[in-house]
Every structure is written in structure tokens, then in C-alpha cells.
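**Student:** here is the input, now give the coordinates:
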Amino acid sequence: MEADQQPKLSPIKAFQVAHGLNDNDEPYPSLSDVHDYEPNLEFDDTELHQPPDADTVDLIQEIESSGMDSPVSDFTEENFEEQLGGGVLLGSGPDSIGVSYPALVSNNDGFYETPSSLMDIHRHAIVDVIGDDKLGRKIITVYACRLPNSKEIDHGRLLQYLKFTLDQYVEQDYSLVYFHYGLTSKNKPALTWLWQAYRAFDRKYKKNLKALFLVHPTSFIRIVSQIFRPAISAKFGRKIVYINFLHELQEHMTLDRRCIPQAVLNHDEQLVQRAKPPTPTKPDNINVPQLLATQQFGVSLQFIVDNNGGEVIPPIVRQCVEYLDNPDVLETEGLFRRSASAVIVRDLKARVNKGEIVPLNDPHVAAVLLKTFLRELTEPLLTYDLYDEIMQFTVWSKDERQRQVSILILEKLPVPNYKVLKYLVQFLYRVMDRSDLNKMTAYNLAVVFGPNLIWPETEQMSLIAIGPINMFTNFLLQNQDSIFIV
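**Tutor:** Below is the predicted model:
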């Protein structure tokens, strides 16, 4: 066949051929053992295999003209944006991103409230914050199934809202979970918007992002990943984790299924049934493991008191606090905002539960152990009974707050809980007192510890609930000397 009679490749296919890619290439490794399983697309992706529109052609040309000739760039995270060209693509219309974003709107307590200009995005609950993962990192979720029709939403403002949410947590380690199911040809943003969005998130957002989980990926995700592959730094690429089934996500975080939309749960069940994973046989005489008397993680505070000679302060809490209270450790910048090795933390937890006195020589490991202890109590330190009242904190007037909080802490909190809370808050006050060095103000400590002190028993933790909890914790820290009696 003559050269001019060769079938013309689409720009995307030509891009793949030029860079040695094919439809089966995985841009980055997956942690899934069944990654080759490909669930059906929930929308028509034929547009990805057809000659794209002018905007997409321009997008591909822009990526190719960025000067990168390797499928995986070896840029460092620090110089990536500079070498790529930096800046934000400007434009107009629903898929364009403006140069300015609404500033964080803080109330009188210093906590952020959604700007009125973004309330139309907020009401869709596309973006949410649902607590901490197993290493104490904030979990921020994005749900594709909650995206309205593209004609009904300004995607530029959607990005503003996502940045507004992230801005409250990017100074500490966090994880981002994207639930892909529900993205259709009617509600998905244009590829050009995805490229603009990636460039809009500079090093401030990427630095403390520890993992980006892509849940229920499809061919659309793979092809988009291949298109963007030359422009994504290898360091950022290693943070991407493909999750084919929800039970795989549970290996990384304890995610309450109540915080996942029912449509996503139903889709996952269908995928599991279709994949037909082998069901392990269980012997009839299997025994439920008995709790060790020395166990401290994953039990109630009363269990620890009963098995610790009546001593109220759990040994691991006292050990962590005494280590962290050392002046040199207390001044560690970012204390309680950094994660630690999951392997080390898991090993120390197992040893503590066996009654061992474990060595502590890393401030961030000790900080994660302390947060993990609080988060794994079978009932939160502030108890389920106080949850509804704490949710009313924002309703109380400033003149009421001192009295209302004192009633909750002094009269309604069980004695063991009160003593542990007092011990913890007084320590955190000393951390806050050195905020000039460790950068942990009352606000920062409240953001870290609030969701670890109280959570609901019968409903999911959501972005709406985290606000009052953090404000309550902030008030507790700043007024601890007048709330806790000697």
C-alpha cells in the first residue's frame, strides 16, 4: 500500500505509537493482584478511539511540545512544574480554569467555611473529608457518581471547591480517593480540563499527598493515564494506586461503607461476582481470638483500666506523651502532621498488645502511635453520648460556650475518660506553646486530633461534621486551664 494510502492514526494512537505505548501498558504499578481484570465501562468511550476535537489535539501537542522524550519523566517533584512551564491554562467557559480562586473564608474561630459563591458546588457532595486512614492521614474523597450533567455545573468552580477543601489539609499528610464509577459521557469533564486541573495543583498540593487511590478504574482511566504519562513525574506516579475492588481499599484504610454512595457499593458487588474470586473454606471449629489482658489497641478504655491495676492513663499513652514531651522532640516541626512507616507502626502495635515496652526514638512514629491508639478505641474518648451535643458547638453563643463545654467535660464524661482527656489536652497545650518551632498551633492540633477524639456511632463522618468537632477541640485546647479542674 502506498504511503498516502496508509490508514491515518488518531492523534491519541499516534501519541501511543510515538512513545512505544500500547493499550495494555500500565503507566504505573498497581497493588492489586487482579489488576488485569477490566470491569465494563459505565459510559461510551468511543470518543477516545475517534479523531479528537481541536481542543484535544492542542492538548496532545502541548504535552508533546513540553520537551519530554521519555514515557516516564525523571524530573524531581521539586523542579517538575518549573520544567513543565508552570502556570495555569486560562480560558473561558465551564471547562476553563481562571487565574484566581476564592480565598479561604474563616469564621471567628479561625476555621474555614464554604464561600457562598461555591455553595452550588458544595450541595452536590462531590468532594468530602471522611476522617483518617490507618496512618493518621486525612482521607479526602471525590465521587464521580455525584457529578451532575456537564451542562449544569461549572467545572472551573468545581476545581476551585476542590482546592478550597485541600487547602485546609495540605500542610499535613493526606490521601486522596477518587471513586470513578458513575462517570458518564454526560457528566465527565473534557480531557483539556483534566490537564488544566493537573497543572493547577502545584507542589504545595503534591508534596504531602501520600497516595492517590483510583477506585474502579476503567479503560478511560488507562488511556488518560497514557496520554498524561510523559508529563507526570515519576515521583508523583508512584503515589498512584489502582483499586479494582473496595475490599482492596480496606487494606489501606478503615473506610466505613456508610460513607460510600450506594450506587458505588452496588457496582462493586457486581464486579466481585463477575470476577468470582475463590472463597476460602473455613474450618467449622475455628476459634475467635481472645483478647490479651495486656492489649491496648482496639479495645475500650475501661478494658485497659481493668487490666492495668486500676491505672487510668494507658501505658502506651503515657509512654508516647513522656517521650514527645522531651524539649528536643517537642520542637519537631510538623509534629503530629507527618505519617510514619506502616510496617514499623504495625510491629510496635503488636508488641504493645503483647505487653512489651517498646523503644521510641522517632517523634513521628510516637505521634502516629498516640493518634492510632485514640482512633482505635472501641468507643471514642469523648464517647458516643456526647456526639450530638458537640455538634451543637457552632450554635452556642460565645457567652454560652465556656459553660456548655464545662458541663460536657466535668459532668457528663466518665471519670476515666475525663482523666485521659485532661492528661492529653494538657500535653497538647505544651505542644501548642512551642508552635513557634513545631508549627503546631491550637488550630492545627484541633484539625489533627478532633476527629480522633469523637466520631458518630450510627452515621458516617463527613466534612460537615468535622467543622464543629475541630472547633470544639480548638476551644478545649485554648481554654484548658479554665475547663479542667485540678
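
**Student:** am I right that A465 sits in a helix?
**Tutor:** Yes. Read with DSSP: H, G, I helix; E, B strand; the rest coil, A465 is one of the residues of a helix.

**Student:** check the gap between it and G136 for me.
**Tutor:** Per CB to CB, to the nearest Å, A465 is found 18 Å from G136. Heads up, the C-betas are built off the backbone N, CA and C, glycines and all.

**Student:** the more surrounded of the two?
**Tutor:** Between A465 and G136, counted using other CB atoms under 10 Å, the more crowded position is G136 (27 against 22).

**Student:** tell me who's in contact with that one.
**Tutor:** Going by CB atoms under 8 Å, 6 or more residues apart in numbering, G136 touches D173, F336, S339, A367, V368, K371, T372, R375, V448, N452.

**Student:** likewise for L374?
**Tutor:** L374 neighbours (CB under 8 Å, 6+ apart): P380, L381, F449, N452, L453.

**Student:** got the phi and psi for it?
**Tutor:** In terms of degrees, to the nearest 10, the main-chain angles of L374 are phi -60, psi -40.

**Student:** for T218, same thing?
**Tutor:** As for T218, its main-chain torsions (degrees, to the nearest 10) stand at phi -130, psi -180.

**Student:** tally of neighbours for the closest residue to H180 other than its chain neighbours?
**Tutor:** Spatial nearest neighbour of H180, excluding adjacent residues (CB to CB, 6 or more residues apart in numbering): H216 at 4.9 Å. Here the count is done by other CB under 10 Å, and H216 has 23 residues near it.

**Student:** secondary structure and neighbour count added to the contacts of L374, as a markdown table?
**Tutor:** Putting those into a markdown table (DSSP: H, G, I helix; E, B strand; the rest coil; neighbours: other CB atoms under 10 Å) gives the following:
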| residue | secondary structure | neighbour count |
| --- | --- | --- |
| P380 | coil | 20 |
| L381 | coil | 22 |
| F449 | helix | 25 |
| N452 | helix | 23 |
| L453 | helix | 24 |
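
**Student:** which one of those is nearest to T294?
**Tutor:** Taking CB to CB as the measure, T294 lies nearest L381 of these, at 20.4 Å.

**Student:** any idea how far that closest one lies from F373?
**Tutor:** Distance, L381 to F373, using CB to CB: 10 Å.

**Student:** quick one: the helices in the stretch 51-200 of the chain, in order.
**Tutor:** For the stretch 51-200 of the chain, applying DSSP state H, counting those that start in this stretch gives helices covering 54-64, 80-84, 119-122, 155-167, 191-200.

**Student:** rank these by pLDDT, which is bottom?
**Tutor:** Ranked by mean pLDDT, the helices of the stretch 51-200 of the chain end with helix 80-84 at the bottom, a mean of 32.

**Student:** can you check which helix is longest in the protein?
**Tutor:** In the chain, taking DSSP state H as the definition, the longest helix is helix 415-433.

**Student:** the very next helix or strand once past that helix: how far from the chain's middle?
**Tutor:** Counting by DSSP states H and E, the next helix or strand C-terminal to helix 415-433 is helix 435-438. Helix 435-438 has its C-alpha centroid displaced from the chain centroid by 25 Å (CA atoms, centre = their mean, to the nearest Å).

**Student:** how near is Q262 to T254?
**Tutor:** 19 Å.

**Student:** those two - which one has more neighbours?
**Tutor:** Taking other CB under 10 Å, Q262 and T254 do not tie; T254 has more neighbours (13 against 10).

**Student:** mind checking the SS state of the more buried one?
**Tutor:** Secondary structure assignment for T254 (three-state DSSP): coil.

**Student:** list the contacts of it.
**Tutor:** With contact set as CB under 8 Å, 6+ apart, T254 has these partners: D133, K134.

**Student:** number the residues from 669 up from this point.
**Tutor:** New numbering, starting at 669: the last item is T922.

**Student:** local confidence estimate at it?
**Tutor:** Looking at T922, its pLDDT reads 73.

**Student:** one more: L1121?
**Tutor:** For L1121, the model assigns a pLDDT of 94.

**Student:** wait, it sits on L1145?
**Tutor:** No. Using CB atoms under 8 Å, L1121 is not in contact with L1145; the gap is 10.9 Å.

**Student:** what about V1013, neighbour count?
**Tutor:** 19.

**Student:** endpoints of stretch 967-979, how far apart?
**Tutor:** One end of stretch 967-979 to the other measures 16 Å (CA to CA, to the nearest Å).

**Student:** tell me which residues are up against it.
**Tutor:** Counting by CB under 8 Å, 6+ apart, 959, 961-964, 980, 982-983, 1045-1047, 1049, 1084-1085, 1088 sit against stretch 967-979.

**Student:** go on, stretch 1019-1031?
**Tutor:** Outside stretch 1019-1031, the residues touching it (CB under 8 Å, 6+ apart) are 960-966, 983-984, 987-988, 991-992, 997, 1000, 1003, 1008, 1012, 1016, 1034, 1037.

**Student:** low-confidence ranges, the stretch 719-868 of the chain, go.
**Tutor:** 719-782 (pLDDT under 70).

**Student:** returning to what we had before: now the contacts of stretch 1019-1031: which count as buried?
**Tutor:** For the contacts of stretch 1019-1031, a burial check counting by 16 or more other CB atoms under 10 Å picks out 963-965, 984, 987-988, 991-992, 997, 1000, 1003, 1008, 1016, 1034, 1037.

**Student:** in the stretch 869-1018 of the chain, which spans are strands?
**Tutor:** For the stretch 869-1018 of the chain, the strands defined by DSSP state E, counting those that start in this stretch cover 877-883, 908-911.

**Student:** mean pLDDT added to these, as CSV?
**Tutor:** Compiled in CSV, the strands of the stretch 869-1018 of the chain are given as follows (pLDDT from 0 to 100):
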stretch, mean pLDDT
strand 877-883, 90
strand 908-911, 89
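
**Student:** make CSV from these and add mean neighbour count and distance to I1153 to it.
**Tutor:** Below are those laid out as CSV (neighbours: other CB atoms under 10 Å; distance: least, CB to CB, whole Å):
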stretch, mean neighbour count, distance to I1153
strand 877-883, 20, 40
strand 908-911, 21, 48
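
**Student:** show me the one of these that comes nearest N1106.
**Tutor:** Among the strands of the stretch 869-1018 of the chain, the nearest to N1106 by CB to CB is strand 877-883 (20.3 Å).
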